[in-house]
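Asks: Sharing a model that was predicted from the sequence below.
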Amino acid sequence: MKAILITGGAGFIGSHVVRLMVNKYPEYQIFNLDKLTYAGNLGNLQDIENKENYTFLKGDITDENFINNIFNQYSFDGVIHLAAESHVDRSITDPLAFAKTNILGTMVLLNAFKTLWKGQWEGKRFYHVSTDEVYGTLGETGLFEETTPYDPNSPYSASKASSDHFVRAYGETYGIPYVITNCSNNYGQNQFPEKLIPLFINNILTSKPLPVYGDGNYTRDWLYVVDHARAIDLVYHKGVDHETYNIGGFNEWKNIDLIKVLCEQMDQKLNKPKGTSAQLITYVKDRPGHDLRYAIDASKINKELGWEPSVTFEQGLSITIDWYLNNKEWLENVTSGNYQKYYELQYQK
């Protein structure tokens with residue numbers, strides 16, 4: 001039985017990866033390591049928490065003694081590393097927190113993996129999940145490729161770029177078998193409502209303004225989180241060691257256009273007159289270092305591993321909105337902070 005450690009597994013993307021791996025691979029023992037900060041929610045995983053091949057570990061990836069102890073105790077064959085501080089606005093306010101978690105935390109995991117296996121790499125893999133933001137910004141044309149030079153513009157993207165470099169350095173220096181993926185903006189069920197789509201869904205439900213940075217023409221590629229989890233599963237099992245794969249939704253949208261589609265769908269689903277939600281759009285002061293455009297060339301993972309998105313953006317957005325409308329209690333618990341009590345109720349009996 002393979003032992004796989006998934007870091008950040010109670011978070012948005014991580015919970016979808018944990019669920020997929022637990023359900024798809026009953027012969028694996030899946031360990032979910034999460035610090036349970038504001039964005040880590042074990043309520044995301046209630047449907048699989050009692051499965052025999054699932055174990056939750058509460059801890060901090062920057063705690064070297066703790067990490068070394070669990071690596072020695074469970075002898076992880078593989079690591080899928082998603083744990084990260086990931087919100088750009090928060091990185092502008094507190095850059096040191098991002099450096100500590102995203103850089104130091106990744107190094108602690110790499111050291112533990114290196115020390116445990118001592119060069120015996122048969123059947124082992126360290127999978128580092130990164131972001132397209134490490135590449136910087138694009139003009140009106142062009143796409144990020146795996147060979148695009150790094151040019152990060154925010155403390156968040158700089159910290160992720162640094163962690164990518166350390167993963168590659170450990171591969172070259174110590175022979176660690178690694179893969180890296182750089183993904184575009186994710187959306188979908190269970191996303192903490194600080195990110196654009198769940199934030200705006202919640203604000204529409206509560207009749208609050210929809211804050212749009214600058215002129216709203218910033219462009220992003222959007223990836224449905226379930227499709228991202230499918231890609232992570234594929235790269236973990238079929239990817240080539242020491243390779244990088246870009247994962248994107250083939251799905252570019254200007255922020256303001258995306259928001260208008262979101263408003264239209266919300267009006268339809270809430271039986272409101274067309275244009276009601278759009279009246280909440282409010283333009284606000286731009287944030288520092290705001291990248292103009294991200295766009296992923298995902299042709300490598302498509303051609304080499306056969307991955308492609310399963311839904312269009314409009315389809316994925318509709319599924320996402322329906323989930324939030326059908327899970328208002330989850331949304332209320334998250335926005336109030338009550339979800340953080342779940343760990344105490346479930347695990348500290």
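Replies: That came through fine. Every value quoted in this text rests on a predicted model; they were computed, and no experiment measured them.
Asks: all contacts plus neighbour counts: C-alpha atoms, from now on.
Replies: Will do.
Asks: so who does Met107 touch?
Replies: Each residue near Met107 by C-alpha atoms under 8 Å, 6 or more residues apart in numbering is listed here: 163, 166-167.
Asks: Mind giving me the ChimeraX select for these, buried ones only?
Replies: Typed into ChimeraX, the next command selects the buried ones out of the contacts of Met107 (criterion: 16 or more other C-alpha atoms under 10 Å):
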select :163,166,167
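Asks: Same list (the contacts of Met107) but as JSON lines, adding distance to Gly316 and pLDDT.
Replies: Below are the contacts of Met107 laid out as JSON lines (distance: C-alpha to C-alpha, whole Å; pLDDT from 0 to 100):
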{"residue": "Ser163", "distance to Gly316": "30", "pLDDT": "98"}
{"residue": "Phe166", "distance to Gly316": "34", "pLDDT": "98"}
{"residue": "Val167", "distance to Gly316": "32", "pLDDT": "98"}
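Asks: For Lys269, state which of the contacts of Met107 is nearest.
Replies: Ser163 (41.5 Å; C-alpha to C-alpha).
Asks: Now that closest one: closest residue in space that isn't a chain neighbour?
Replies: Ile103 (4.9 Å; C-alpha to C-alpha, 6 or more residues apart in numbering).
Asks: Doesn't the one you found lie inside a helix?
Replies: Yes: under DSSP: H, G, I helix; E, B strand; the rest coil, Ile103 sits within a helix.
Asks: per-residue confidence for Leu345?
Replies: With respect to pLDDT, Leu345 has a value of 70.
Asks: quick revisit: which of the contacts of Met107 fall within helices?
Replies: Mapping those onto helices (DSSP state H) picks out 163, 166-167.
Asks: if I pick the residue of the chain most remote from its centre, what's in contact with it?
Replies: Relative to the mean C-alpha coordinate of the chain, counting by C-alpha atoms, centre = their mean, the farthest residue is Pro273 (34.4 Å). The contact partners of Pro273, taken as C-alpha under 8 Å, 6+ apart, are Asp267.
Asks: Can you tell me the SS state at it?
Replies: On the basis of three-state DSSP, Pro273 is classed as coil.
Asks: Roughly how far does it sit from Cys263?
Replies: Look at Pro273 and Cys263: by C-alpha to C-alpha, to the nearest Å, they are 11 Å apart.
Asks: the strands in the stretch 201-349 of the chain, which residues?
Replies: Using DSSP state E, counting those that start in this stretch, the strands found in the stretch 201-349 of the chain span residues 210-213, 219-224, 243-247, 252-254, 281-284.
Asks: could those strands be laid out in CSV, adding distance to Leu199, mean pLDDT and mean neighbour count?
Replies: As requested, the strands of the stretch 201-349 of the chain are exported to CSV (distance: least, C-alpha to C-alpha, whole Å; pLDDT from 0 to 100; neighbours: other C-alpha atoms under 10 Å):
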stretch, distance to Leu199, mean pLDDT, mean neighbour count
strand 210-213, 8, 91, 19
strand 219-224, 16, 92, 24
strand 243-247, 24, 98, 24
strand 252-254, 17, 91, 17
strand 281-284, 13, 92, 14
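Asks: Are we agreed that Asn186 is in a strand?
Replies: Yes: checked against three-state DSSP, Asn186 lies within a strand.
Asks: thinking again about what came up before, please state the backbone phi and psi of the residue farthest from the centre of the chain?
Replies: phi -60, psi 140 (degrees, to the nearest 10).
Asks: What does the pLDDT read for it?
Replies: Pro273 is given a pLDDT of 96.
Asks: Please apply the same query to Gln348.
Replies: pLDDT, read off for Gln348, is 55.
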